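Colleague: Next come a sequence and a model predicted from it.
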Amino acid sequence: MKTLSLLLTVTCFTFAMRAAQEPSLDQQEKQESTWVFPKTEETLEKAFEFSDPDAFRVIEVDEEPVLDLHQASKYRAAVRSPFGIALIKDVEFGSFVMTCQLMQTGREYGHRDTCLFFGFEKPTRFYYVHMASQADPNAHNIFRVEDAPRTNIAKKTTGGVKWGQEVWHDVKIERDVEKGTIRVYFDDMDEPIMIAEDKTFTWGRVGFGSFDDTGRMRNLRITGQMRRVKGDAFPKKDGEGD
């Protein structure tokens with residue numbers, strides 16, 4: 001009996017020491033990690049999943065791999081929201097700072113856009129930033145899709161952005177889940193072009209695309225709370241029909 005009692009004591013002590021050394025799930029989620037855009041075409045092709053795989057491709061521009069939304073996406077979600085969406089596979093983010101370079105490759109008109117997605121829980125629940133040439137209730141804003149057609153939530157926006165032709169632009173998003181703040185920067189990293197406050201979604205996938213235009217992304221970098229996630233972002237039933 002003394003031997004068994006000693007064995008149990010040692011076992012419990014070992015387990016307690018191991019538990020103390022290993023961070024809890026909550027601690028892991030609060031630790032900062034960094035996700036970096038793959039540097040080869042082969043790895044980049046495997047890093048994202050798409051609302052419409054035929055609309056996206058990986059190309060090389062200036063000897064760098066680029067994610068190219070090169071044609072109109074045929075995807076349609078169950079509620080009115082962007083069509084062309086590429087999301088990072090297998091991970092989701094809480095609070096983060098995202099930087100990347102974007103190029104709009106379509107014609108010039110008021111709603112000419114590229115989008116960045118975050119807090120993506122499923123195809124009917126997510127946030128996205130719509131950066132367009134001109135601002136109106138449906139363009140150049142921060143939007144929330146919550147099991148209903150998108151709703152603009154920004155309390156500050158500019159009048160639009162100048163995409164130009166064949167021009168790369170520096171873009172940054174700062175997302176603080178606890179405060180609910182969202183700040184978007186375009187070329188000028190000191191003054192945001194959009195500000196919103198919303199706590200509807202916390203953790204979710206992150207990605208790039210457009211409502212119904214074409215565009216490119218490179219040099220994406222995300223630093224913040226990151227954790228693994230399982231499952232497909234776009235079940236087939238959500239992409240069927242109009």
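Modeller: Everything's here; your move. Numbers count the residues shown, from 1 in each chain.
Colleague: what about the helix or strand Leu44 falls within, average pLDDT?
Modeller: Taking DSSP states H and E as the definition, Leu44 sits inside helix 41-47. In this model, helix 41-47 has a mean pLDDT of 93.
Colleague: What strands flank the following helix or strand past it, and is each parallel or antiparallel?
Modeller: Once the chain leaves helix 41-47, the next helix or strand it forms, by DSSP H and E, is strand 48-50. Strand pairing for strand 48-50, determined by DSSP bridges: strand 84-88 (antiparallel).
Colleague: following the strand it pairs with, which helix or strand shows up next?
Modeller: Remark: after strand 84-88, the chain's next helix or strand is strand 91-104, criterion DSSP H and E.
Colleague: which strands and helices sit next to that next one?
Modeller: Where contact means 3 or more C-beta pairs under 8 Å, 6 or more residues apart in numbering; DSSP states H and E, strand 91-104 is packed against strand 113-122, strand 169-176, strand 205-210, strand 215-228. The way it works is simple: take the backbone N, C-alpha and C, and place the C-beta from them, glycine included.
Colleague: among those, which is the most enclosed?
Modeller: Highest mean neighbour count among these (mean count of other C-beta atoms under 10 Å): strand 205-210, with a mean of 26.
Colleague: which stretches of the chain aren't confidently modelled?
Modeller: Where the chain drops to pLDDT under 70, the residues are 1-30, 236-242.
Colleague: related to what we said a few turns ago, which stretch among the helices and strands packed on strand 91-104 comes nearest Thr151?
Modeller: With C-beta to C-beta as the measure, strand 113-122 is the member of those nearest Thr151 (13.8 Å).
Colleague: Show me what the closest one is packed up against.
Modeller: If you count contacts as 3+ C-beta pairs under 8 Å, 6+ apart, strand 113-122 packs onto strand 84-88, strand 91-104, strand 125-132, strand 169-176, strand 205-210, strand 215-228.
Colleague: so can I have JSON lines of the ones you listed showing distance to Ala148?
Modeller: Formatted as JSON lines, the helices and strands packed on strand 113-122 follow (distance: least, C-beta to C-beta, whole Å):
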{"stretch": "strand 84-88", "distance to Ala148": "18"}
{"stretch": "strand 91-104", "distance to Ala148": "22"}
{"stretch": "strand 125-132", "distance to Ala148": "10"}
{"stretch": "strand 169-176", "distance to Ala148": "22"}
{"stretch": "strand 205-210", "distance to Ala148": "20"}
{"stretch": "strand 215-228", "distance to Ala148": "26"}
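Colleague: Quick one: closest of the ones you listed to His111.
Modeller: With C-beta to C-beta as the criterion, His111 lies closest to strand 125-132 of those, at 5.3 Å.
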